[in-house]
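Student: Show me the folded form of this:
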Amino acid sequence: MTISAYGIGKRALDVISAVTLIVLCTPLWIIIPILIKLESSGPAIFSQPRVGRKGKIFKILKFRSMVVNADELLWKNREYKELRNKFTESDWKLENDPRVTKIGWILRRLSIDEFPQVFNILKGDMSIVGPRAYRPQEIEAQAKKYAHTKKWIEKALLVKPGITGLWQVSGRNDVPFDKRVQIDAEYASRKSLSEDLMILLKTPKAMLSKW
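Tutor: Numbers count the residues shown, from 1 in each chain. Sure thing, here's the model as predicted:
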């Protein structure tokens, strides 16, 4: 398959998948925002800067699963110093994050908080399958912590990030950063629609793996 043929097939898969999710999940677009706002004040959907293809910064969309101003609390509130240290030491992942709301915990367990990213896909910032959409600060911090990963980071950023991906179906949050970005780089090097389809088929099981 030539690069141009792959690009056309990849984009077609993205658009078809995004539109299908929007249509099939119509009830969720109504119910989830109501549940979020019933539990806590603030917007049901929030955006956050992420690093996209070739280092382009874009705003990723998610259903809000935390209290309002969660990032500000983590990085600026003295009461969260211990949590902040744990967050950075555990490769920017937290198992029991007190900022997560009750409905947010369920959304995260089912990966439903990621659903608004279908609009990032339609816009062209993301793909249905791809590497993790890393935060700019995360890339910077982890590149220093894992100096040997620089080549993998650069390779992973050659393709659009995805809602799901190879490392997500390989171990989800249990995969440390250096292994995770290596898997992302390997995926970016192969560019295979057959692998994308395989990852999509494995995604539902991965979504339910922590229940």
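Student: Name the nearest residue to G162, ignoring sequence neighbours.
Tutor: Once flanking residues are discounted, G162 sits nearest to G130: 2.8 Å by CB to CB, 6 or more residues apart in numbering. Backbone N, C-alpha and C define where each C-beta goes, glycine included.
Student: How far does stretch 43-63 stretch from one end to the other?
Tutor: Length of stretch 43-63, first residue to last, CA to CA, to the nearest Å: 9 Å.
Student: before we move on, the earlier item: check contacts around the residue nearest to G162.
Tutor: Applying CB atoms under 8 Å, 6 or more residues apart in numbering to G130 gives the contacts 159-163, 165, 187.
Student: same question, V68
Tutor: So V68 contacts 40-43 (CB under 8 Å, 6+ apart).
Student: from those, which would you call buried?
Tutor: Neighbour counting over these (16 or more other CB atoms under 10 Å) leaves no buried ones.
Student: Tell me the one among those residues nearest to D125.
Tutor: Proximity to D125 was ranked across the contacts of V68 by CB to CB; first place goes to P43, at 19.6 Å.
Student: and the closest one, what element?
Tutor: In the assignment (DSSP states H and E), P43 maps to no helix and no strand.
Student: Ignoring the adjacent residues along the chain, who's closest to it?
Tutor: Sequence neighbours aside, R64 is the residue nearest to P43 in space, at 6.2 Å (criterion: CB to CB, 6+ apart).
Student: now the one you found: how far from P33?
Tutor: Distance, R64 to P33, using CB to CB, to the nearest Å: 9 Å.
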